[in-house]
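Chemist: Provided below are the primary sequence and the corresponding predicted coordinates.
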Amino acid sequence: MKFKSLLVAAAVGASTLLSAPAFAQAKEQFFPLLVYRTGPYAPNGTPWANAKQDYIKLVNARGGINGVKITFEECETGYQTDKGVECYERLKGRGATVFDPQATGITFALTDKVPQDKIPLITLGYGLAASQDGGVFKWNFPLLGSYWTAADILIQHLGKKEGGLDKLKGKKIALVYHDSPFGKEPIPLLQERAKMSGFDLSLIPVTAPGIEQKSAWLQVRQQRPDYVLLWGWGVMNSAALKEAIATGYPREKMYGVWWSGAEPDVKDVGAAAKGYNALTIQYGAGQPKIVKDILSEVHGKGQGTGPKDEVGTVLYNRGLIIQMLSVEAVKRAQERFGKGKVMTGEQVRWGFENLALDQKKLDALGFAGVMRPVSTSCQDHMGSTWARVHTWDGAKWDFSSDWLEADEQIIKPMVKQAADKYASDKKLTRRTPQDCQS
């Protein structure tokens, strides 16, 4: 009898252990975090990942999302598409709130998967440009910008420097790009702008990860373009700057996308990179209120994820933006589906589609001086198309342009055409007005 009682007690204990995680999970909002802390892209991927964790810790320390605690789990992708898909498959069944692939290649691979799994996919400043069209891409959210908006803004900026877009006629512009879906994305927009303004566009691919670029910069030396656009990531960026120096190409004529304009890209080059320009999708580096709060409430209590001196850098601040927008999408969903409740991926998708963060809300969140307001809709899954240029002065980044907005008269028809083609290829129909309201 004693033995039988022990068995019963053990069974009850096992049942309790098994049900505890399920109970805990029902009270928690789970965020899968795809990261790359190893490999050639780690210097750029790590601060991005650290910021997300720090923001989650800050929200939890303040009581969670209207009382709902956030849980998370990282999965290392190494920026590799196959590993990214493996991470997705492993984590999606845990009640995933949203996936941020942190890689355009992984985004392409997951775009066909998320509609079946009903999990939103956010790609802030990267991914598939056509997914701005929410009428076709119901689950994709390229928040704040795409590579088409980035390319358009860069051409606008060069036009201003020359005294007008018409002055670009006859100019030579070279695109030195990461030979991957990421690097190829801006090409259609640049080709359209080249036809409109009459500049000569040359395409110079660099094999990933981009450490070896001598042949690419030999082409730059031979072509002698008026400007070089750099579409790089990770070690490719510093390698490109070093090759430009060796080739004698002026850094002040180089303009990087917003993934080619952070501290890791220039720190190994230092003063020799002076004059190099890059877009920034946010206000750049610095210590706005949200950064000070994290230093005080997270790092100040020994809970920081990475080094303290990384907090406030360009990519760290971008990571904060991404995680904040994800949390705000959950809050927005709770307004409709129930405050204090755990939201499903489908409900959070609605939250992303109905974001309305004006300056007052951004100020209240501590993001004054970090980003511009964003407002999404059923048809517009981007919500904002602004960026500006900052320039490396040899020691730090300084802004060198006003805010510029991508020309939607050029981009919207291209987005619709590409989205329609995607829908045709995949045998999809556009969303109905009723679906947009649901």
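Modeler: Happy to help now that I have it.
Chemist: where does this protein have low pLDDT?
Modeler: 1-26, 284-286 (pLDDT under 70).
Chemist: what's the domain layout of it?
Modeler: Structural domains assigned to the chain are 28-146+285-385+416-437, 148-284+388-410, following automatic domain parsing.
Chemist: contacting residues around the most centrally placed residue in the chain?
Modeler: In the chain, the centroid-proximal residue (CA atoms, centre = their mean) is residue 124; its distance is 3.2 Å. By CB atoms under 8 Å, 6 or more residues apart in numbering, the residues touching residue 124 are 100, 142, 143, 144, 145, 281, 318, 321, 322, 325. (C-beta placed from N, C-alpha, C; glycine too.)
Chemist: likewise for residue 233?
Modeler: Contacts of residue 233 by CB under 8 Å, 6+ apart are 41, 44, 79, 178, 182, 210, 259, 260.
Chemist: pull the most distant pair out of those.
Modeler: 79 and 260 (15.0 Å; CB to CB).
Chemist: of all the contacts of residue 233, which comes closest to residue 171?
Modeler: Closest to residue 171, out of all of the contacts of residue 233 and judged by CB to CB, is residue 260, at 20.8 Å.
Chemist: touching, that closest one and residue 239? I think so.
Modeler: No - counting by CB atoms under 8 Å, residue 260 sits too far from residue 239 to count as a contact (11.2 Å).
Chemist: and the two? Which one has more around it.
Modeler: residue 260 (28 against 24; other CB atoms under 10 Å).
Chemist: distance check, that one against residue 221.
Modeler: 20 Å (CB to CB, to the nearest Å).
Chemist: now residue 27
Modeler: 61 Å.
Chemist: now residue 290
Modeler: Taking CB to CB, one finds residue 290 at 44 Å from residue 221.
Chemist: neighbour count winner among these two?
Modeler: It is residue 290, of residue 290 and residue 221, that has more neighbours when counted by other CB under 10 Å, with 23 against 14.
Chemist: ok, how many other residues are close to the closest residue to the more buried one other than its chain neighbours?
Modeler: Counting by CB to CB, 6 or more residues apart in numbering, residue 366 is the residue found nearest to residue 290 once chain neighbours are left out, at 3.5 Å. Residue 366 has 18 neighbours, counted by other CB under 10 Å.
Chemist: so residue 210 makes contact with residue 235?
Modeler: Yes - between residue 210 and residue 235 there is a contact at 6.0 Å, judged by CB under 8 Å.
Chemist: between the two, which contacts overlap?
Modeler: residue 40.
Chemist: so who does residue 117 touch?
Modeler: Here residue 117 is in contact with 92, 345 (CB under 8 Å, 6+ apart).
Chemist: 6 Å instead, please
Modeler: By CB atoms under 6 Å, 6 or more residues apart in numbering, the contact set of residue 117 is residue 92.
Chemist: residue 42 versus that one, what's the distance?
Modeler: Counting by CB to CB, the gap from residue 117 to residue 42 is 28 Å.
Chemist: show me where the protein has strands.
Modeler: 28-35, 69-76, 121-122, 140-141, 172-178, 200-206, 227-231, 254-256, 277-280, 356-357, 374-375, 386-392, 397-399, 404-405 (DSSP state E).
Chemist: among the ones you listed, which comes closest to residue 421?
Modeler: Of these, nearest to residue 421 by CB to CB is strand 140-141, at 15.3 Å.
Chemist: shouldn't residue 50 be in contact with residue 306?
Modeler: Yes - taking CB atoms under 6 Å as the definition, residue 50 is a contact partner of residue 306 at 3.6 Å.
Chemist: more neighbours, these two?
Modeler: residue 50 (23 against 17).
Chemist: and the closest residue in space to residue 217 that isn't next to it in sequence, how far from residue 301?
Modeler: Among residues not flanking residue 217 along the chain, residue 243 sits closest, at 4.1 Å (CB to CB, 6+ apart). Separation of residue 243 from residue 301 (CB to CB): 44 Å.
Chemist: residue 210 and residue 235: which is more packed in?
Modeler: residue 210 (25 against 21).
Chemist: so how far is residue 396 from the more buried one?
Modeler: 24 Å.
Chemist: try residue 343
Modeler: For residue 343 relative to residue 396 (CB to CB), the value is 40 Å.
Chemist: could you do residue 377 as well?
Modeler: On the measure of CB to CB, residue 377 and residue 396 end up 37 Å apart.
Chemist: repeat for residue 291
Modeler: Counting by CB to CB - residue 291 and residue 396 are separated by 16 Å.
Chemist: so the two - more neighbours on which side?
Modeler: In this view residue 291 and residue 396 are compared by other CB under 10 Å, and residue 291 has more residues nearby, 23 against 13.
Chemist: name the nearest residue to residue 431, ignoring sequence neighbours.
Modeler: residue 135 is the one closest to residue 431 (CB to CB, 6+ apart), at 5.2 Å.
Chemist: any chance you could read off phi and psi for that neighbour?
Modeler: Backbone geometry at residue 135, expressed as degrees, to the nearest 10, gives phi -70, psi -20.
Chemist: about what we covered before: and the closest residue to the residue nearest to the centre of the chain other than its chain neighbours, how many neighbours?
Modeler: Distances taken as CB to CB, 6+ apart put residue 143 closest to residue 124, at 4.6 Å, once the chain neighbours are dropped. Close neighbours of residue 143, defined as other CB under 10 Å, add up to 27.
Chemist: residues in contact with residue 143?
Modeler: Residue 143 is in contact with 122, 124, 383, counting by CB under 6 Å, 6+ apart.
Chemist: recalculate using a threshold of 7 Å.
Modeler: 122, 124, 325, 374, 382, 383 (CB atoms under 7 Å, 6 or more residues apart in numbering).
Chemist: reformat those residues as TSV; add distance to residue 91.
Modeler: Below are the contacts of residue 143 laid out as TSV (distance: CB to CB, whole Å):
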residue	distance to residue 91
122	15
124	19
325	20
374	26
382	26
383	26
